[in-house]
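> Quick one, fold the following:
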Amino acid sequence: MIDTVAERFNEELDLEDNDKIDYKIKAKQFVKIYGQMASIMPFEVPDWEKLFWFLKFLVPKLKIQDPN
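Numbers count the residues shown, from 1 in each chain. Model (predicted):
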């Protein structure tokens, strides 16, 4: 499933490079912040936990063009 989502993001969706960069940055930030917060506070939000694990494995597969 993760490979399918990554393939759609990388190939099939007609997103501008800036939109792809923005999404990947925000996904990485969520994974980082949620991981830190979950280690010090008990969260009871199963949807956030699912999103965390999904994005944790998805982000490395998202390809973006270096704007430089």
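> hey, let's count contacts and neighbours off CA atoms from now on
Will do.
> Work out which residue lies at the spatial centre of the chain.
When C-alpha atoms, centre = their mean is applied to the chain, the residue found nearest the centroid is Ala27 (3.4 Å).
> which SSE is that residue in?
Applying DSSP states H and E as the criterion places Ala27 in helix 17-40.
> model confidence over that helix, on average?
Mean per-residue pLDDT for helix 17-40: 92.
> pLDDT wise, what is the closest residue to Lys28 other than its chain neighbours at?
Spatial nearest neighbour of Lys28, chain neighbours left out: Val59 (6.8 Å); criterion: C-alpha to C-alpha, 6 or more residues apart in numbering. Predicted confidence (pLDDT) for Val59: 95.
> buried stuff in the helix holding Ala27?
For helix 17-40, the neighbour count (16 or more other C-alpha atoms under 10 Å) marks Lys20, Ile21, Lys24, Ala27, Lys28, Phe30, Val31, Tyr34 as buried.
> now swap in stretch 47-64 and tell me
Neighbour-count burial for stretch 47-64, counted by 16+ other C-alpha under 10 Å, picks out Phe52, Leu55, Lys56, Leu58, Val59, Lys61, Leu62, Lys63.
> And the fourth one, how close does it get to Met41?
According to C-alpha to C-alpha, to the nearest Å, Leu58 stands 24 Å off from Met41.
> How about the secondary structure of Glu44?
For Glu44, the assignment made with DSSP: H, G, I helix; E, B strand; the rest coil gives coil.
> Distance of it relative to Lys50?
12 Å.
> picking up where we left off before, in JSON lines, list the buried residues of helix 17-40 along with distance to Leu13.
JSON lines is the format used below for these (distance: C-alpha to C-alpha, whole Å):
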{"residue": "Lys20", "distance to Leu13": "10"}
{"residue": "Ile21", "distance to Leu13": "14"}
{"residue": "Lys24", "distance to Leu13": "14"}
{"residue": "Ala27", "distance to Leu13": "17"}
{"residue": "Lys28", "distance to Leu13": "20"}
{"residue": "Phe30", "distance to Leu13": "22"}
{"residue": "Val31", "distance to Leu13": "23"}
{"residue": "Tyr34", "distance to Leu13": "27"}
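> wait, which of those residues is closest to Glu7?
Distance to Glu7 across the buried residues of helix 17-40 (C-alpha to C-alpha) is lowest for Lys20, with 12.8 Å.
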